[in-house]
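A.B. asks: Fold the stuff below for me.
(2 chains)
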Amino acid sequence: MPKATNPDDPNGDDGVQIDLISGERMDSLASTEKIRMILDGVHDGNIVILEEGLTPDEESKLIEMTMAEISPDAGFNGIEIETYPKSETKDSSLLGRLMGSNESAAKLTVIGPANQIETLHKDETLISALVSRN
Amino acid sequence: MGLLTGLKDSISRVTDRLFTDDQPKRIGIYGPPNAGKTTLANRIARDWTGDAVGTESHVPHETRRARRKEDVEIERDGQSVSIDIVDTPGVTTKVDYEEFTDEMEEDDAIRRSREATEGVAEAMHWLREDVDGVIYVLDSAEDPITQVNTMLIGIIESRDLPVLIFANKIDLDEASVKRIEDAFPQHKTVPLSAKEGQNMDEVYDNIAEYFG
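C.D. replies: Sure thing, here's the model as predicted:
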């Protein structure tokens, strides 16, 4: 169920909540916690935006966990997701390269419930989501 | 070099031979739904073993379980390459049973969607745990730059698995192999039509070279 964003609407049932989650917040979580937080948000009808995205392994587990939670009875049929390619130059210092940090997962990622996202379009500089409220 | 070091090297060589060289490599056939993965798996299996792997269909998610065809021996230039083919369900981030209701009753559509979700989860598990190389199949008539394709190729690359991209369905008028080559220039793209058997010699040459 989408949550209200309109302060004039105390019933809270006609808005779409957008959660922008910082890289710092994600860094403090284990992979399973990250995925749980994303899917809990999406189940609630929210659009989740990750400042730094997920690692490939986490993306693989996100797909797997999403599939496990799809339920025709509950009206959840999966997720829409778009990302920008990872930055190759985030940390080009020698230490960064040695530590593999230029393999960073840093990539803006937008995730939402497939049954509410009418279209999710990406071009080189813009991710655009058209979201229905039901 | 000490005796222990020499012994360790010998054991390592033997175990490598036992567990790597002599065992067929498991090659996962991955890609989005309806790219022609099962048609390709059947083509390869029929060409080299005489048997098929699974049922083909125009309805998405016909393959809902990973299926393995063991010990497929492919002969190229007098050499023999042995692989296990793992045909996997098409990977997606969403499955809506209503997509199938034009083709079947609602109960069957719901059952199909449940099996499809289990199959996709299983395919992801195979990719993380159980394959030694990947054939990534794309429909040449479709735009290859999708989030699922980009994510899957990224996941495969992160696991350092050898990967070949097969641009399937080149028999279709709208097919564009270049669009696929441009989308994933870091990987070898091989054009083919699994359905019509076009360009299969190049397909087998590359399988032998990459996975042999």
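
A.B. asks: Nearest residue to the middle of chain A?
C.D. replies: A:Ile111 (3.5 Å; Cα atoms, centre = their mean).

A.B. asks: Quickly run through the sheet partners of the helix or strand encompassing that residue, with directions.
C.D. replies: Under the criterion of DSSP states H and E, A:Ile111 resides in strand A:109-113. Strand A:109-113 sits in its sheet next to strand A:47-50 (antiparallel), strand A:79-83 (antiparallel), going by DSSP bridges.

A.B. asks: rank those by pLDDT, which is bottom?
C.D. replies: Per-stretch mean pLDDT for these is lowest at strand A:79-83 (a mean of 92).

A.B. asks: Please enumerate residues in contact with it?
C.D. replies: The contact list for strand A:79-83 (Cβ atoms under 8 Å, 6 or more residues apart in numbering or on different chains) reads A:39, A:42, A:53, A:62, A:66, A:107-114, A:117, A:120-122, A:127, A:129, B:93-94, B:147, B:150-151. The C-beta positions use only the backbone N, C-alpha and C, and glycine is treated the same way.

A.B. asks: again, only this time at 6 Å
C.D. replies: A:42, A:53, A:66, A:107, A:109-112, A:114, A:117, A:120, A:122, A:127, B:93, B:147 (Cβ atoms under 6 Å, 6 or more residues apart in numbering or on different chains).

A.B. asks: what's around B:Asp84, how many residues?
C.D. replies: Using other Cβ atoms under 10 Å in any protein chain shown, B:Asp84 has 18 other residues around it.

A.B. asks: What residues are bridge-paired with it?
C.D. replies: When bridges are called by DSSP bridges, B:Asp84 pairs up with B:Arg26.

A.B. asks: Identify each buried residue in the strand holding A:Ile111, please.
C.D. replies: By neighbour count on 16 or more other Cβ atoms under 10 Å in any protein chain shown, the buried set for strand A:109-113 is A:109-113.

A.B. asks: again with stretch B:142-151
C.D. replies: For stretch B:142-151, using 16+ other Cβ under 10 Å, the buried residues are B:142, B:144, B:146-151.

A.B. asks: Of those, which belong to helices?
C.D. replies: Among the buried residues of stretch B:142-151, DSSP state H puts B:147-151 in helices.

A.B. asks: Near the residue of chain A found nearest chain B, how many other residues are there?
C.D. replies: Here chain A gets closest to chain B at one residue, A:Gly78, 2.9 Å apart by Cβ to the nearest Cβ. A count of neighbours around A:Gly78, defined by other Cβ under 10 Å, yields 22.

A.B. asks: Distance of B:Ile156 relative to chain A?
C.D. replies: According to Cβ to the nearest Cβ, to the nearest Å, B:Ile156 stands 8 Å off from chain A.

A.B. asks: which stretch of helix or strand covers that residue?
C.D. replies: Assessed by DSSP H and E, B:Ile156 sits inside helix B:147-158.

A.B. asks: Packing partners of that helix?
C.D. replies: Secondary-structure packing of helix B:147-158 (3 or more Cβ pairs under 6 Å, 6 or more residues apart in numbering or on different chains; DSSP states H and E): helix A:56-69.

A.B. asks: and with 10 Å instead?
C.D. replies: helix A:56-69, strand A:79-83, strand A:117-122, strand B:25-30, helix B:106-129, strand B:133-139, strand B:163-168, helix B:177-183 (3 or more Cβ pairs under 10 Å, 6 or more residues apart in numbering or on different chains; DSSP states H and E).

A.B. asks: residues of stretch A:57-68 that come out buried?
C.D. replies: So for stretch A:57-68, counting by 16+ other Cβ under 10 Å, buried means A:58-67.

A.B. asks: For B:Asn199, which of the strands paired with strand A:109-113 is the nearest?
C.D. replies: strand A:79-83 (32.9 Å; Cβ to Cβ).

A.B. asks: now that closest one, how far from the chain's geometric center?
C.D. replies: Chain-centre distance of strand A:79-83: 7 Å, with Cα atoms, centre = their mean, to the nearest Å.

A.B. asks: and what of stretch B:175-183?
C.D. replies: 18 Å.

A.B. asks: before we move on, what about stretch B:66-82?
C.D. replies: For stretch B:66-82, the distance to the chain centre is 14 Å (Cα atoms, centre = their mean).

A.B. asks: measure that stretch end to end?
C.D. replies: 19 Å (Cα to Cα, to the nearest Å).

A.B. asks: do stretch B:137-149 as well
C.D. replies: Stretch B:137-149 end-to-end distance (Cα to Cα) = 10 Å.

A.B. asks: returning to that earlier point: okay if I get the buried residues of strand A:109-113 as a markdown table plus distance to B:Leu138 and pLDDT?
C.D. replies: Output for the buried residues of strand A:109-113, formatted as a markdown table (distance: Cβ to Cβ, whole Å; pLDDT from 0 to 100):
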| residue | distance to B:Leu138 | pLDDT |
| --- | --- | --- |
| A:Thr109 | 23 | 93 |
| A:Val110 | 24 | 93 |
| A:Ile111 | 24 | 95 |
| A:Gly112 | 25 | 94 |
| A:Pro113 | 27 | 94 |
